[in-house]
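Student: kindly return the folded structure for what I paste below:
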Amino acid sequence: MGEDQEATHTIGTTGATGALGGRVAARLARRGVAQRLIVRDINRAPELTGSSAAMAVYEDRVAFTRAAKGTDVLFLVSAPEATDRVRLHINAVDAALDAGVRHVVYLSFLGAGPASTFTFARDHFYTEAHIRSTGVRHTFLRPSLYLDLLPRWAGEDGVVRGPAGQGRVAWVSRDDIADVAATVLADPQTHEDRTYDVTGPEAVTLSQTVDRLSGVTGKRIGYIPETWEEALASRGGLGAPDWAVEGWVSSYAAIAEGELDRVSETVLDLTGHPAQSIEGYLRKHPSALSHVYK
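Tutor: Numbering: from 1, shown residues only. The predicted structure is shown next:
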């Protein structure tokens with residue numbers, strides 16, 4: 001992986017050892033799309049047809065530039081939540097441009113804005129703004145909250161707690177997001193300078209959500225609304241820093257504010273199949289709520 005290595009891949013795929021990036025990388029490989037997997041740990045890089053791997057972290061501009069050398073399109077999975085996440089994203093974007101990348105496909109978040117209630121969505125807005133400012137061709141994928149993580153919103157007592165009020169959210173599966181991303185990456189020119197909301201098929205309240213969870217699994221799942229202060233206090237003993245706790249709680253508050261009450265047809269339009277429902281996901285993953293009432 002020296003600087004003189006000649007890359008033949010056109011797609012630079014980050015996050016390939018993770019849940020979302022790994023799904024995208026696997027789908028691109030099945031499509032026969034050549035890709036360079038840019039990973040933090042070379043020993044964990046998946047072995048996929050038509051791919052090679054290079055090790056780099058967003059923090060290291062020199063290493064990231066070397067890893068992205070020879071790629072035309074970069075799929076940038078957002079970094080884990082951190083106080084300096086925007087800086088890490090900017091560093092990775094600038095390194096990719098140094099390497100000659102001409103199109104950035106960025107995994108953002110639904111309703112990303114400078115004043116988003118969900119604090120982590122603000123990071124996505126500022127990352128999008130930087131990408132736009134460079135003039136590089138881009139595509140922004142803005143998924144809603146992950147359906148795959150929904151079961152873990154319920155505690156072992158079968159209760160979801162948070163300040164979501166009667167707001168609605170269209171939970172979306174990571175499989176559907178990956179299908180959309182793979183479609184875009186396989187034909188990036190068609191999706192130049194586009195922003196896609198990526199959601200599930202229906203926006204529901206948390207009360208309706210837990211009813212769906214109960215109906216499919218037969219377990220009693222409930223929802224107890226909290227105030228902002230109650231939510232902060234209930235999570236304060238977990239040992240997480242204040243900014244992380246505020247981020248978790250603000251995801252509920254964003255639902256209450258109506259900021260996630262959006263339903264798009266992106267999954268169907270770009271992939272040809274409908275977005276997965278809560279019921280469909282649970283039937284496919286019957287053990288998703290196994291932690292409840294253990």
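Student: list the buried residues for the one helix or strand residue 89 maps to?
Tutor: In this structure, residue 89 sits in helix 85-98 according to DSSP states H and E. Using 16 or more other Cβ atoms under 10 Å as the test for burial, helix 85-98 gives 85, 86, 87, 88, 89, 90, 91, 92, 93, 95, 96, 97. Every residue, glycine included, has its C-beta placed from N, CA and C.
Student: nearest to residue 142 among the residues you listed?
Tutor: residue 89 (14.8 Å; Cβ to Cβ).
Student: grab the nearest non-local neighbour of the closest one.
Tutor: residue 127 (4.2 Å; Cβ to Cβ, 6 or more residues apart in numbering).
Student: now do the same contact list for that neighbour.
Tutor: By Cβ atoms under 8 Å, 6 or more residues apart in numbering, the contact set of residue 127 is 78, 86, 89, 90, 93, 106, 108.
Student: try it again with 10 Å
Tutor: Neighbouring residues of residue 127 by Cβ atoms under 10 Å, 6 or more residues apart in numbering: 76, 78-79, 85-90, 92-93, 104, 106-109, 112, 140.
Student: using the three-state scheme, assign it.
Tutor: helix (DSSP: H, G, I helix; E, B strand; the rest coil).
Student: against residue 94, how distant is it?
Tutor: Distance, residue 127 to residue 94, by Cβ to Cβ, to the nearest Å: 12 Å.
Student: likewise residue 227?
Tutor: Distance, residue 227 to residue 94, by Cβ to Cβ: 42 Å.
Student: same question, residue 105
Tutor: With Cβ to Cβ as the criterion, residue 105 and residue 94 are 16 Å apart.
Student: please, where are all the helices along the stretch 101-250 of the chain?
Tutor: For the stretch 101-250 of the chain, the helices defined by DSSP state H, counting those that start in this stretch cover 119-134, 174-186, 206-217, 228-235, 242-256.
Student: could you export those as JSON lines, including mean pLDDT and distance to residue 280?
Tutor: Listed next are these as JSON lines, based on pLDDT from 0 to 100; distance: least, Cβ to Cβ, whole Å:
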{"stretch": "helix 119-134", "mean pLDDT": "98", "distance to residue 280": "26"}
{"stretch": "helix 174-186", "mean pLDDT": "98", "distance to residue 280": "10"}
{"stretch": "helix 206-217", "mean pLDDT": "97", "distance to residue 280": "9"}
{"stretch": "helix 228-235", "mean pLDDT": "95", "distance to residue 280": "29"}
{"stretch": "helix 242-256", "mean pLDDT": "97", "distance to residue 280": "21"}
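Student: okay if I get the ones you listed as TSV plus distance to residue 168?
Tutor: Listed next are the helices of the stretch 101-250 of the chain as TSV, based on distance: least, Cβ to Cβ, whole Å:
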stretch	distance to residue 168
helix 119-134	16
helix 174-186	18
helix 206-217	8
helix 228-235	18
helix 242-256	7
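Student: of these, which is nearest residue 198?
Tutor: helix 174-186 (5.4 Å).
Student: strands paired with the top strand by length along the chain, and their directions?
Tutor: Taking DSSP state E as the criterion, the chain has its longest strand at strand 137-143. Sheet pairing of strand 137-143 (DSSP bridges) gives strand 103-107 (parallel), strand 194-198 (parallel).
Student: could I get the ones you listed as a markdown table with distance to residue 157 and mean neighbour count?
Tutor: Compiled in a markdown table, the strands paired with strand 137-143 are given as follows (distance: least, Cβ to Cβ, whole Å; neighbours: other Cβ atoms under 10 Å):
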| stretch | distance to residue 157 | mean neighbour count |
| --- | --- | --- |
| strand 103-107 | 33 | 23 |
| strand 194-198 | 32 | 18 |
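Student: tabulate those strands (TSV), appending mean pLDDT and distance to residue 46.
Tutor: Output for the strands paired with strand 137-143, formatted as TSV (pLDDT from 0 to 100; distance: least, Cβ to Cβ, whole Å):
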stretch	mean pLDDT	distance to residue 46
strand 103-107	98	18
strand 194-198	98	23
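Student: got a markdown table for those strands, with distance to residue 25 too?
Tutor: Shown next, in a markdown table, are those (distance: least, Cβ to Cβ, whole Å):
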| stretch | distance to residue 25 |
| --- | --- |
| strand 103-107 | 13 |
| strand 194-198 | 18 |
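Student: wait, which of those is closest to residue 188?
Tutor: strand 103-107 (5.0 Å).
Student: what is the orientation angle of the closest one with helix 174-186?
Tutor: 170 degrees (axes from the mean of the first three to the mean of the last three Cα atoms, to 10 degrees).
Student: what's the angle from strand 103-107 to helix 119-134?
Tutor: 170 degrees.
Student: and the angle from strand 103-107 to helix 85-98?
Tutor: Using the same axes, to 10 degrees: strand 103-107 against helix 85-98 is 160 degrees.
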